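J.: predicted model follows, preceded by the sequence.
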Amino acid sequence: MNIGLIAHDAKKKLMQNFCIAYYNILSKHELYATGTTGRLIEEATNLTIHKFLAGHLGGEQQLAAQIESNQIDLVIFLQDPLHPKSHEPDMFKAMKLCDTHNIPLATNVATAELMVKALERGDFEWRNAYK
C-alpha cells in the first residue's frame, strides 16, 4: 500500500512518535510525505520515505496529484485545527480528492491508529481491486 503522511508544524513530533510506535506495520508499505515531515520521520525512525517538497512549497499539491491519479491508498494528515496555514486550500483539495476517490483519510491520531491497525489486518486490500 502507498501511504501519504502529512503533519502541520504543531503535529510533527506527534507524527514522529506515531511512526515510531507503528514502525513494524509502516515499514511493510511505501511511505510518501511532504518534505519536512518526511525528513523528520526518517530521522526518528530510519523508515524510507519518498519525499515531496515541503508543504508550503508545493508538497501538498504534489501529494494531491498522486491522490488524484489514484496512486495513494490511504492518507494520514495530522492537522492543527487551531492554527490555520496560508497554504491550507492545497490540503483541502487533497482531502476533497480523498473523498472523491474513496481513499481513507485520518486527520487525527485516534483515527490514524484505527487505520494502521486495519492496514495490518489487511482491511484495505480492496484498494488493489479499486485501482
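T.: Cool, the structure landed.

J.: now this protein, which segments are flagged as low pLDDT?
T.: Scanning the chain for pLDDT under 70 picks out 84-90, 131.

J.: which residue ranges of it form helices?
T.: Assigned by DSSP state H, the chain shows helices spanning 12-21, 23-26, 35-45, 59-68, 88-100, 109-121, 126-130.

J.: the shortest one packs against which elements?
T.: Helices and strands in packing contact with helix 23-26 are listed as helix 109-121; criterion 3 or more Cβ pairs under 8 Å, 6 or more residues apart in numbering; DSSP states H and E. (Glycine included, C-beta is placed from N, CA and C.)

J.: I'd assumed residue 47 was in contact with residue 27.
T.: Yes: contact criterion Cβ atoms under 8 Å: residue 27 and residue 47 qualify, at 6.0 Å.

J.: compare the two (neighbour count), which wins?
T.: residue 47 (18 against 13; other Cβ atoms under 10 Å).

J.: and that one, what does it touch?
T.: 19, 23, 26, 27, 31, 41 (Cβ atoms under 8 Å, 6 or more residues apart in numbering).
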